[in-house]
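[1] Could you look at this predicted model? Sequence included:
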Amino acid sequence: MEKVRNVAMVGHSGAGKTSLTEALLFDAGLTNRLGRVEDGTTVTDSGLDEIKRQMTIDSSVVFSDWNEHRIYMVDTPGYADFSCDVKHSMRAFDGAILVADATSGIEVGMETVWEYADEFKMPRLIFVNMMDKESANFNAIVGHLNEKWGKSAKIIPLQFPIGKESEFKGVVDLLSMKAFVYPDGKESDAGEIPSELSEQAKEARAKLVEVVAENDDALIEKYLEGKELSADEVKRGLRAGVVQNKIVPVLCGCAYQNIAVKPLYDTIVDYMPSPSERSPVPVVVPGTEKEETLEFSSEAPLTSYIFKTISEPHLGNVLFLRVYSGKLSAGSEVYNSGREIVEKVNQIYVARGKNREEISEAGAGHIAAVAKFKGTRIGDTLCDKKKPLLLKALDFPEGVASIALKPKTKNDQEKLSTCLSKLAEEDPAVRVRHEHEFGQTVVTGMGDVHLDVVVERLRDRFGVDCVSEKTKIAYRETIRSSVKVQGKYKKQSGGRGQYGDVWLGIEPLPRDQEFEFVNKVVGGSIPTRYIPAVEKGVRGVMSKGALAGYPVVNVKATVYDGSFHEVDSSDMAFQIAGSMAFKKAFSEAHPTLLEPYVEITVVIPDAYVGDVTSDLNSKRGRIMGIEPRGGRQVIKAHVPLAEIDRYSTDLKSMTHGRGSYQLKFSHYEDMPSKMSEKLISEAKKEDT
């Protein structure tokens with residue numbers, strides 16, 4: 001394990017994570033040319049939708065060998081809609097490489113992954129990319145990083161650039177105090193620092209040594225005595241500071257031109273933690289609350305975690321896992337401790353994008369893939385059945401954007417359901433449900449782009465062309481007053497007739513009570529055997545209200561009198577009489593429309609509280625409370641569901657992508673009269 005490094009490439013969309021991963025693979029001799037995102041030739045962005053959109057959509061695992069170390073990397077998406085995938089991938093890795101655009105600096109995607117790294121106690125380093133761009137400013141980026149996060153960790157450069165913008169050609173390394181210049185993208189040997197940069201290098205080196213010394217009692221004592229720290233002491237102190245999350249090193253370069261990328265490899269090997277040095281991983285014994293400490297050793301019983309799934313036609317689900325302890329061996333059986341099933345391990349792979357290499361076993365600390373498992377999903381723990389342990393799975397948040405899908409041809413209806421199920425297994429942030437009330441198949445995701453990708457994959461991967469439409473809102477109808485009416489059904493058509501006579505009273509119920517049917521008939525005016533038929537008639541009418549065709553709720557119906565005919569009365573006659581009575585009573589009881597309200601929880605930086613609350617108020621929302629949480633503000637409000645159809649886009653616009661939110665159903669309320677009149681009018685037009 002000491003020779004393994006697991007690092008996640010994370011950051012904002014467009015910062016160059018994929019290009020940096022590509023350059024690292026090239027420098028390790030694993031490719032013979034640098035792939036380009038815009039050409040669709042990179043190892044990691046190999047999906048059709050990724051090539052089309054020129055962006056990472058799925059986390060992609062690769063590996064390389066450097067200085068006798070095995071390095072696993074995962075290239076993650078930067079777009080907010082795919083942050084669930086990023087978080088699950090980061091959980092399985094030991095360190096984070098935060099990639100920043102040299103001109104944009106700290107963007108929302110970087111803020112998000114920094115929070116994830118804090119949550120998982122992940123050591124991290126920062127690579128300032130695109131140093132050749134106009135307006136690239138390394139010192140400004142370092143300053144912003146310290147303003148933002150300098151209180152929680154010492155953010156210190158290990159390098160600084162040689163040349164600016166288009167003249168950028170290399171870096172000064174502050175550990176070796178050498179210059180590395182890359183003419184035409186080709187590396188030269190370490191050379192002397194240019195004289196004009198010599199003083200800057202000395203000052204930066206002194207600052208680096210001071211930061212390293214501050215994190216080690218022995219080193220700070222020597223430093224304060226004015227003694228010079230040796231190269232080994234600086235290196236040892238720096239490594240300890242990084243592993244303990246006290247120091248965050250900063251490097252710079254240009255992945256696209258492959259300038260100063262190789263030093264990143266050396267930094268990963270020298271300063272990122274090995275699997276045995278990661279923070280303790282909490283595990284429990286299944287069926288109990290008993291916690292145990294997981295031993296990071298290949299000699300211990302197997303414990304591994306599934307962090308990623310992709311679906312392939314010839315292999316089915318390919319599951320990516322992190323081995324925390326023990327060994328995963330081909331031909332063995334493993335126990336899924338959460339689902340209590342046994343799976344057979346046929347083949348084990350290590351992945352390099354879509355290409356895979358079969359191996360016989362994967363030891364503790366390694367990242368591997370398996371296929372053809374029947375019941376295992378993302379978040380599951382695979383372990384030794386004799387020593388079952390369970391790693392807590394991360395929750396996938398509820399989606400915030402929804403669309404209704406229907407296939408262009410009826411023949412594809414069943415296929416649509418099957419393929420959506422496969423996509424939901426692959427990406428649990430995709431939720432699928434069938435709304436029987438409207439006959440809609442509703443797909444919910446983390447944003448509009450996320451849903452667009454689902455539709456594209458249905459078409460490109462499974463050959464299912466779909467039409468998307470807005471999801472229909474489940475309005476309801478109710479009453480505001482009490483009335484009593486008669487419903488009488490009498491029909492003579494020669495021979496036996498039909499006769500049912502019902503006196504029915506209806507009254508409003510509280511919002512938390514949908515329906516109550518009461519029998520108060522006395523004296524046998526309606527025989528007891530016909531009462532269920534009356535209730536059936538009432539319920540039948542309530543399923544489609546008279547205002548706009550929505551179900552009727554919050555009503556108490558009481559049958560209290562009536563009459564019958566010895567020969568002509570029947571269940572059918574009393575069912576019709578009951579429906580007639582309810583229709584009449586409903587129209588006289590001041591009917592109204594109800595609309596669903598959701599509870600929305602919005603998490604935003606302080607600066608956007610005014611804009612967001614004002615917008616929620618404009619959407620007929622009611623602010624229920626605002627409270628601080630971890631440097632942000634949490635706004636809770638009740639808002640009509642109809643008003644937040646595009647809230648994902650609205651919030652991104654208002655907060656420059658720095659806001660997030662979650663929804664859950666809250667309750668129903670009376671709809672304003674003007675809006676209900678419009679809805680009723682539209683419903684009548686549809687009926688005609």
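    Here it is on my side, so go on.

[2] Roughly how far does the nearest residue to residue 440 once chain neighbours are set aside sit from residue 465?
    Setting aside the residues directly before and after it, residue 440 is nearest to residue 404 in space (C-beta to C-beta, 6 or more residues apart in numbering), at 4.1 Å. (Glycine included, C-beta is placed from N, CA and C.) From residue 404 across to residue 465, the span is 15 Å (C-beta to C-beta, to the nearest Å).

[3] cool, and residue 503?
    Counting by C-beta to C-beta, the separation of residue 503 from residue 465 is 55 Å.

[4] These two - which one has more neighbours?
    residue 503 (21 against 13; other C-beta atoms under 10 Å).

[5] Tell me which helix or strand comes right after the host helix or strand of that one.
    Under DSSP states H and E, the secondary-structure element containing residue 503 is strand 498-508. Per DSSP H and E, the first helix or strand lying C-terminal to strand 498-508 is strand 515-519.

[6] And for whichever helix or strand comes after that following strand, what's in contact with it?
    For strand 515-519, the following helix or strand on the C-terminal side (DSSP H and E) is helix 531-542. With contacts defined as C-beta atoms under 8 Å, 6 or more residues apart in numbering, helix 531-542 is touched by 500, 502, 504, 515, 517, 519, 521, 526, 551-553, 555, 557, 559, 571-572, 574-583, 586.

[7] my guess is residue 44 is in a strand, correct?
    No: Residue 44 sits outside any strand when classified using DSSP: H, G, I helix; E, B strand; the rest coil, being coil.

[8] The residue nearest to residue 383 when sequence neighbours are not counted: neighbour count?
    Of all residues not flanking residue 383 in the chain, residue 303 sits nearest, at 4.8 Å (C-beta to C-beta, 6+ apart). Counted with other C-beta under 10 Å, the neighbours of residue 303 add up to 27.

[9] With residue 461 instead?
    Applying other C-beta under 10 Å, we find 17 residues neighbouring residue 461.

[10] What separation is there between it and residue 311?
    For residue 461, the distance to residue 311 - C-beta to C-beta - is 8 Å.

[11] so what's the nearest residue to residue 261 once chain neighbours are set aside scoring on pLDDT?
    Of all residues not flanking residue 261 in the chain, residue 23 sits nearest, at 4.4 Å (C-beta to C-beta, 6+ apart). Residue 23 is assigned a predicted lDDT (pLDDT) of 95.

[12] Verify the assumption that residue 251 is located in a strand.
    Yes: secondary structure of residue 251 (three-state DSSP): part of a strand.

[13] so who does it touch?
    Counting by C-beta under 8 Å, 6+ apart, residue 251 has contacts 125-128, 157-159, 171, 260, 263-264, 267.

[14] rerun that using 10 Å as the cut-off
    97, 125-129, 157-160, 171, 173, 260-261, 263-264, 266-267 (C-beta atoms under 10 Å, 6 or more residues apart in numbering).

[15] Check residue 141 too.
    Per C-beta under 10 Å, 6+ apart, neighbours of residue 141: 100-106, 126, 128, 131, 157, 250, 252.

[16] where along the stretch 501-650 of the chain do the strands fall?
    Taking DSSP state E, counting those that start in this stretch to define them, one finds strands in the stretch 501-650 of the chain at 515-519, 555-563, 591-604, 622-629, 632-640.

[17] Verify the stated contact: residue 24 with residue 65.
    No: counting by C-beta atoms under 10 Å, residue 24 stays clear of residue 65, with 11.4 Å between them.

[18] okay, these two: which has more neighbours?
    Taking other C-beta under 10 Å, residue 24 and residue 65 do not tie; residue 24 has more neighbours (27 against 12).

[19] Now the more buried one: which helix or strand?
    With DSSP H and E as criterion, residue 24 is part of helix 17-27.

[20] Downstream of that helix, the next helix or strand is which one?
    helix 48-53.

[21] Please identify the buried residues of that next one?
    Residues 49-51, 53 are the ones in helix 48-53 that count as buried (16 or more other C-beta atoms under 10 Å).

[22] Residue 77 versus residue 318, what's the distance?
    18 Å.

[23] again, but for residue 344
    From residue 344 to residue 77 the distance is 32 Å (C-beta to C-beta).

[24] Please apply the same query to residue 148.
    With C-beta to C-beta as the criterion, residue 148 and residue 77 are 22 Å apart.

[25] quick one, what contacts residue 372?
    Contacts of residue 372 (C-beta under 10 Å, 6+ apart): 315-319, 343-347.

[26] Need the phi and psi values for it.
    phi 60, psi 30 (degrees, to the nearest 10).

[27] cool, and residue 261?
    phi -90, psi -40.

[28] and it, what is it in contact with?
    Contacts for residue 261 (C-beta under 10 Å, 6+ apart) come out as 19-20, 22-24, 26-27, 127, 129, 182, 185, 187, 251, 253-255.

[29] Hmm, which of the residues you listed is lowest in pLDDT?
    Within the contacts of residue 261, pLDDT is lowest for residue 185, at 61.

[30] quick one on the thing from earlier: Validate this expectation: the residue nearest to residue 440 resides in a helix.
    No: counting by three-state DSSP, residue 404 falls outside a helix, being strand.

[31] Look at it and say how many residues are nearby.
    Neighbour tally, residue 404, other C-beta under 10 Å: 18.

[32] Tell me how far it lies from residue 437.
    Taken as C-beta to C-beta, the span from residue 404 to residue 437 is 12 Å.

[33] repeat for residue 196
    Distance of residue 196 to residue 437, given as C-beta to C-beta: 74 Å.

[34] quick one: which of those two has more around it?
    residue 437 (11 against 8).

[35] For that one, which non-adjacent residue is spatially closest?
    Nearest one to residue 437, counting by C-beta to C-beta, 6+ apart, is residue 474 at 6.1 Å.

[36] Tell me which residues touch the one you found, please.
    435, 437-438, 550-551, 594-596, 641, 665, 668.

[37] how about the strands of the stretch 501-650 of the chain in TSV, adding distance to residue 292, mean neighbour count and mean pLDDT?
    Formatted as TSV, those follow (distance: least, C-beta to C-beta, whole Å; neighbours: other C-beta atoms under 10 Å; pLDDT from 0 to 100):
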stretch	distance to residue 292	mean neighbour count	mean pLDDT
strand 515-519	50	14	96
strand 555-563	55	20	96
strand 591-604	33	20	94
strand 622-629	31	11	93
strand 632-640	34	19	94
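
[38] And the ones you listed: which comes nearest residue 82?
    strand 591-604 (18.2 Å; C-beta to C-beta).

[39] Could you check which of residue 318 and residue 77 has the larger neighbour count?
    residue 77 (25 against 20).

[40] Touching, the more buried one and residue 109? I think so.
    Yes: counting by C-beta under 10 Å, residue 77 touches residue 109, with 8.9 Å between them.

[41] Give me the common contacts of those two.
    Contacts common to residue 77 and residue 109, judged by C-beta under 10 Å, 6+ apart, are 10, 13, 17, 83, 86.

[42] distance of residue 64 from residue 525?
    87 Å.

[43] the more surrounded of those two?
    Neighbours were tallied for residue 64 and for residue 525 using other C-beta under 10 Å; the higher tally belongs to residue 64 (19 against 15).

[44] in its sheet, what does the helix or strand hosting the more buried one sit against?
    Secondary structure assigned from DSSP H and E places residue 64 in strand 60-66. According to DSSP bridges, strand 60-66 forms sheet pairs with strand 69-75 (antiparallel).

[45] Can you dump the C-alpha atoms of the following helix or strand past the partner strand in CSV for me?
    Counting by DSSP H and E, the element after strand 69-75 in chain order, helix or strand, is helix 83-91. In CSV, the C-alpha atoms belonging to helix 83-91 read as follows (Å, rounded to 0.1, in the frame of the first residue of the first chain):
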residue,chain,number,x,y,z
SER,A,83,-22.0,16.7,-8.3
CYS,A,84,-23.4,13.5,-6.9
ASP,A,85,-21.1,11.5,-9.1
VAL,A,86,-18.2,13.7,-7.9
LYS,A,87,-18.9,13.2,-4.2
HIS,A,88,-19.2,9.4,-4.5
SER,A,89,-16.0,9.2,-6.4
MET,A,90,-14.1,11.4,-3.9
ARG,A,91,-15.3,9.3,-1.0
